[in-house]
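*Asks:* Next one to model:
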Amino acid sequence: FQWGYRGRRGGQPSNRLDRSCRQDAPSTSHVPTGPLRRSANISKTTTARLTLTAALFAACGGLIQGFDTGGISNASQEIVIQFGLNPLVQGLVTSLVLVGAMVGAAFAGSLADAFGRRSVLIGCGVVFSVGVGLEVFAFSLPMLFGGRVTVGLAIGAASCISTLYISEISPPARRGGLLA
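*Replies:* The predicted structure is shown next:
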């Protein structure tokens, strides 16, 4: 079975997809793919180490939500005292991260398709740092709200994209273990 229209010549593939699905095409299953395997001179051990290292760093994208939750729970009483918040506004400050995370997760796939998963993960780190800076140096309630939403955007996008990135860079035999 071959994909694509064969054209008048019959024997010539009509498009790239057709060439890659031909029965007599050489097998490329033994050739590692992905951003870590650029040269055939890299050994399998080195590739495995690089994959594991990249997966560990990408998995840190999921840790930033825990970091933020722990940070806000410790700082909550100080924020209430500094800004004179009532319980309703205190709950709003805490939950704005989740609103930002929903928006970040909604747009993460489109951003990853447009700019690449690795670039989006790096961007999430930058956005998270900017959001934390807004929270730390907040002198008004709107600035604190903006910082919380900004942190949420990074958390939502990183939570979605980090698993995709890990699954793309890992070899099929180790993919399940790295994603778990």
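
*Asks:* Give me the helices and strands touching the helix or strand hosting Asp113, please.
*Replies:* Under the criterion of DSSP states H and E, Asp113 resides in helix 87-115. Here helix 87-115 touches helix 44-83, helix 117-136, helix 141-169, going by 3 or more C-beta pairs under 8 Å, 6 or more residues apart in numbering; DSSP states H and E. Placement of C-beta: from N, CA and C, glycine included.

*Asks:* which one of these is the most hemmed in?
*Replies:* helix 141-169 (a mean of 22; mean count of other C-beta atoms under 10 Å).

*Asks:* thinking again about what came up before, mind checking the helices and strands packed on helix 87-115 for the one nearest to Ala105?
*Replies:* Set against Ala105 and scored by C-beta to C-beta, those come closest in helix 141-169, at 3.8 Å.

*Asks:* if we can go back for a sec, would you mind checking the average pLDDT for the helix holding Asp113?
*Replies:* Helix 87-115 comes out with an average pLDDT of 94.

*Asks:* buried sites along that helix?
*Replies:* Residues Val89, Val93, Leu96, Val97, Val99, Gly100, Ala101, Gly104, Ala105, Ala108, Leu111, Ala112 are the ones in helix 87-115 that count as buried (16 or more other C-beta atoms under 10 Å).

*Asks:* now, among those, which is nearest to Thr69?
*Replies:* Among the buried residues of helix 87-115, Val97 lies closest to Thr69 (C-beta to C-beta), at 8.0 Å.

*Asks:* Now the closest one. Nearest residue, chain neighbours left out?
*Replies:* Gly152 (4.0 Å; C-beta to C-beta, 6 or more residues apart in numbering).
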